[in-house]
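**Student:** return a 3D structure for these sequence lines:
(chains A and B)
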Number of protein chains: 2
Amino acid sequence: MPFAPPSADKHDLEEGAAFTPKFDANGLITCVTQEAATGEILMLAYMNALALEKTLETGVVHYWSRSRNALWRKGDTSGQVQELVDMRVDCDQDALLLRVKAGGDGKACHTGRKSCFYRAVLPDGRLSEV
Amino acid sequence: MPFAPPSADKHDLEEGAAFTPKFDANGLITCVTQEAATGEILMLAYMNALALEKTLETGVVHYWSRSRNALWRKGDTSGQVQELVDMRVDCDQDALLLRVKAGGDGKACHTGRKSCFYRAVLPDGRLSEV
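**Tutor:** Now for the predicted structure:
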């Protein structure tokens, strides 16, 4: 699935029915991943066009790993495969929201926690595990 | 509040109690904004160090507008002020999750919708309003 380039017309971008994801200078789009059943935010990651295409084709979430510079089918080594329930795009089409069902033990974070957002930032600038 | 630079030690970053946000090459950090009461994702935006500092100091969410290149206290013109309920940081400290109470009419999106993620991406690459 080739993605059409973003329209220069703001109304088309915001109100149109054409999916024209806007990749950044590195060819990436930001993805927020949410557990569909609970609304919990699991992680934030990136896709390139290939990862996005694979995700839409297979219904299984693929990202682009910036650290490994490689296509990353989440769960390939950990078993924590993310089944896509629903994908949404924001108004200016430069961010995606992935609502998923998390497989395996459901722990999306490589530290062994369910969510990557496991620490609260306190007003004094210290962190506290939630 | 000056922010200390990120530790080069991965364990410190992931398990430490020091908040050392990692800003990108443009001095920005990605923020996901979630309505605390419902779990609904409202928007994705960016903060620079100043916006982050103001948010922690005042409890009212400030972003950095990339299009206007300016500090942006959400709601200043729209009345849709976001009161910070809880801020979280992810494992590698390069993304923030803001859990907020949305003021005004609660519509976070400039298109007049509650959430910026108002369209689903269908497997065939078309968009459908949800």
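
**Student:** in chain A, which residue sits closest to chain B?
**Tutor:** Taking Cβ to the nearest Cβ, chain B has its nearest neighbour within chain A at residue A:39, 2.7 Å off. Yep, even glycine has a C-beta here, placed from its N, CA and C like the rest.

**Student:** let me know how buried that residue is, in neighbour terms.
**Tutor:** 14 (other Cβ atoms under 10 Å in any protein chain shown).

**Student:** what's the residue closest to the geometric middle of chain A?
**Tutor:** Nearest to the geometric centre of chain A sits residue A:31, at 2.8 Å (Cα atoms, centre = their mean).

**Student:** how about the nearest residue to the residue of chain A closest to chain B, chain neighbours excluded?
**Tutor:** residue B:39 (2.7 Å; Cβ to Cβ, 6 or more residues apart in numbering or on different chains).

**Student:** model confidence score at that neighbour, please.
**Tutor:** Residue B:39 carries a pLDDT score of 97 in this model.

**Student:** so where's the longest helix in chain A?
**Tutor:** Longest helix in chain A by number of residues (criterion: DSSP state H): helix A:49-58.

**Student:** can you tell if the next helix or strand after that helix touches chain B?
**Tutor:** Later in the chain than helix A:49-58, the nearest helix or strand by DSSP states H and E is strand A:62-65. No: figure legend: strand A:62-65 not in contact with chain B (Cβ under 8 Å from any Cβ of the partner chain); closest approach 12.5 Å.

**Student:** helices and strands around strand A:62-65, which ones?
**Tutor:** Judged by 3 or more Cβ pairs under 8 Å, 6 or more residues apart in numbering or on different chains; DSSP states H and E, strand A:62-65 is in contact with strand A:41-47, helix A:49-58, strand A:70-73.

**Student:** any idea how far the residue nearest to residue A:39 lies from residue B:129?
**Tutor:** The spacing between residue B:39 and residue B:129, counted by Cβ to Cβ, to the nearest Å, is 20 Å.
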